[in-house]
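Asks: Just need the structure, nothing else, for what follows:
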Amino acid sequence: MAENKNNKFEDNLAELTALVQKLESDLPLDQAIAAFEKGIALTKVCLEELKAEKGKLALLTDDLNKITEEFDLEK
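Replies: Now for the predicted structure:
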């Protein structure tokens with residue numbers, strides 16, 4: 001399941017990159033606004049996914065720190 005989330009993130013990021021490239025070209029105003037709006041939505045989704053992963057990494061790191069503190073090499 002983690003792979004599916006990662007693929008979704010990668011897909012969203014690729015779509016966002018394509019939208020940025022599209023916005024850098026000469027688009028009619030209505031298409032540019034629509035692309036910008038879609039880009040904002042994709043940015044929010046990507047940021048939420050990154051925040052969730054950051055939280056998971058923090059929990060794993062905390063667990064690792066607890067384990068290594070219990071394992072005293074000097075004894």
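Asks: switch to C-alpha atoms for all contacts and neighbour counts from now on
Replies: Fine.
Asks: what ranges do the helices span in the protein?
Replies: Applying DSSP state H to the chain gives helices spanning 2-23, 29-70.
Asks: Please tell me how far residue 29 sits from residue 36.
Replies: Distance, residue 29 to residue 36, by Cα to Cα, to the nearest Å: 10 Å.
Asks: Tell me which of those two has more neighbours.
Replies: Per other Cα atoms under 10 Å, whichever of residue 29 and residue 36 has more neighbours is residue 36, with 17 against 9.
Asks: Surely the more buried one and residue 23 touch.
Replies: Yes. If you go by Cα atoms under 8 Å, residue 36 and residue 23 touch, sitting 7.5 Å apart.
Asks: contacting residues around residue 32?
Replies: residue 23 (Cα atoms under 8 Å, 6 or more residues apart in numbering).
Asks: Next one: it from residue 38, what distance?
Replies: Plainly put, residue 32 is 10 Å away from residue 38 if you go by Cα to Cα.
Asks: And for residue 26?
Replies: From residue 26 over to residue 38 (counting by Cα to Cα), the distance is 17 Å.
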